[in-house]
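[1] model the following, please.
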Amino acid sequence: MNRQELRQRVEDYLQDRDNRRWSDEELNRYISDAQREFIRLVGFPQVTAEVDFVTGGGVSGTLTVDGKTAKITTSGSHGLLAGKAVWVDDTTQAVFNGAKVIRKVDDTSFTYQIDSATAVSDSSVTFYDIGPDITKPSTIEKIVHAEIEGVQLMILTEGELNAAVWRTTTTGQFIEGVFGTVPNPFTTVQTTLTGTGAYTESWSERTGNIEAIVFNNMTQDSFRIWPLPDTSENLYIDKDATTKVFKKIKLRGTPVVSDLATETTNPTIAERYHECLVWGALERAFLKESQSKDVNKSSMYSQRFTAMVKEAMMQEGLVSSSNSEGRNESRFRVSRIF
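    As a prediction, the model looks like this:
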């Protein structure tokens, strides 16, 4: 059903086709609000989008070094900030290349740390902005899945990574019991900071295969990649190609939902749940401050809305055993038995 058809259904229940108590504009708004609530609660439908973790093209600069502090100077303003990450390329010395976190910055230069004090033999350098903070696509409200080249990434919080930096070192910390693995009460647990190197102890500066995206709340406008890529294989689809193409992060999540704009606009949710929008609109309509306000009827339609939401939550999250035909049949039978 489109917006007009949904509204007419609502008007029939309200017995108000002539808009004596509720205007078309009000009912249109109630229908759109009901759809937002449905998607927020159910988490479906979902949309996908791709984002680059490399922003813009390569920027040329001049490399200098002072001890273990490398400095890149550009001819114009680079627009980078301290704490951001760059991919340094095209130097003849590996120690200066790769993902680097900016330590100190001004308009036309920035510094980063290197593993060892090394003299510069080739001062020409190219760098790319790789975040690590990446703006979430405008089409996605809540991210539920992320992958690079088909490899799924974890979704972590900064708190989880802060905790993961510490690892227990005492042997025998856990014992096996009838209830599984439990802490050993006779062992004193000691922890130590994992990793070596004066400047790589922070998880935000670790490098390796990209394993996760990191954010602290589901509707955050940006996320970061972790760890930073350590090799060109993690950055390019084909590192040996003459024209290199950067990999993309593919995201899936619930959509940013707009109001149903026109009479012929169809809801974002599947048609089998359109009736739920009718119940949600009626719930809101009967709470309007007027002579027609009816809390009991509003509560009744709220219960109908909630019941259909629960049905959708159970039906829409498909797994391999959800369907009973073909190759999934045996799995379906096992899941029903147990």
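[2] where does the residue most central in space within the chain land in three-state SS?
    Residue closest to the average C-alpha location in the chain (C-alpha atoms, centre = their mean): residue 143, at 3.6 Å. Put simply, residue 143 is strand when judged by DSSP: H, G, I helix; E, B strand; the rest coil.
[3] show the contacting residues for it.
    Applying C-beta atoms under 8 Å, 6 or more residues apart in numbering to residue 143 gives the contacts 136, 155, 213, 215, 218, 223, 251-253. In this view, the C-beta of every residue, glycine as well, is placed from N, C-alpha and C.
[4] what about burial for those, which qualify?
    Those of the contacts of residue 143 that meet the buried threshold are 136, 155, 213, 215, 223, 251, 253, by 16 or more other C-beta atoms under 10 Å.
[5] closest one of the residues you listed to residue 24?
    residue 253 (32.1 Å; C-beta to C-beta).
[6] hang on, that closest one packs against residue 44?
    No. With contact defined as C-beta atoms under 8 Å, residue 253 does not count as touching residue 44 (10.6 Å).
[7] identify the farthest-apart pair in the contacts of residue 143.
    Largest separation among the contacts of residue 143 by C-beta to C-beta: 215 and 252, giving 14.9 Å.
[8] quick check: buried residues in stretch 146-157?
    Of all the residues in stretch 146-157, those buried under the rule 16+ other C-beta under 10 Å are 146, 148, 153, 155-156.
[9] start and end of that stretch, how far apart?
    Stretch 146-157 has an end-to-end distance of 14 Å (criterion: C-alpha to C-alpha, to the nearest Å).
[10] now do it: distance to the chain's middle.
    Stretch 146-157 has its C-alpha centroid displaced from the chain centroid by 9 Å (C-alpha atoms, centre = their mean, to the nearest Å).
[11] secondary structure element for residue 13?
    helix 3-14 (DSSP states H and E).
[12] in stretch 207-214, what's buried?
    Neighbour-count burial for stretch 207-214 flags 207, 210, 212-214 (criterion: 16+ other C-beta under 10 Å).
[13] pull the CA atoms of it into PDB?
    Provided in PDB are the C-alpha atoms of stretch 207-214 (Å, rounded to 0.1, in the frame of the first residue of the first chain):
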ATOM      1  CA  THR A 207      49.100  -2.100  12.900                       C
ATOM      2  CA  GLY A 208      48.100  -5.300  11.200                       C
ATOM      3  CA  ASN A 209      45.300  -6.900   9.200                       C
ATOM      4  CA  ILE A 210      42.200  -4.800   9.600                       C
ATOM      5  CA  GLU A 211      40.100  -6.800  12.100                       C
ATOM      6  CA  ALA A 212      37.300  -4.400  13.300                       C
ATOM      7  CA  ILE A 213      35.500  -1.200  13.200                       C
ATOM      8  CA  VAL A 214      35.300   0.700  16.500                       C
END
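[14] contact partners of stretch 29-41?
    Residues outside stretch 29-41 that contact it (C-beta under 8 Å, 6+ apart): 3, 6-7, 10, 45, 254-255, 257-260, 267-269, 273, 276-281, 283-285, 305, 309, 312-313.
[15] if we go to 6 Å?
    If you take C-beta atoms under 6 Å, 6 or more residues apart in numbering as the criterion, stretch 29-41 is touched by 6, 254, 257, 259-260, 267, 269, 276-277, 280-281, 284-285, 309.
[16] for the residues you listed, work out which two are farthest apart.
    Pairwise distances across those (C-beta to C-beta) peak at 25.7 Å, for the pair 254 and 285.
[17] what does the closest residue to residue 46 other than its chain neighbours show for phi and psi?
    Leaving aside its sequence neighbours, residue 46 sits nearest to residue 252 (C-beta to C-beta, 6 or more residues apart in numbering; 5.4 Å). Dihedral pair for residue 252: phi -130, psi 140, per degrees, to the nearest 10.
[18] cool, residue 76 as well?
    Backbone geometry at residue 76, expressed as degrees, to the nearest 10, gives phi -130, psi -180.
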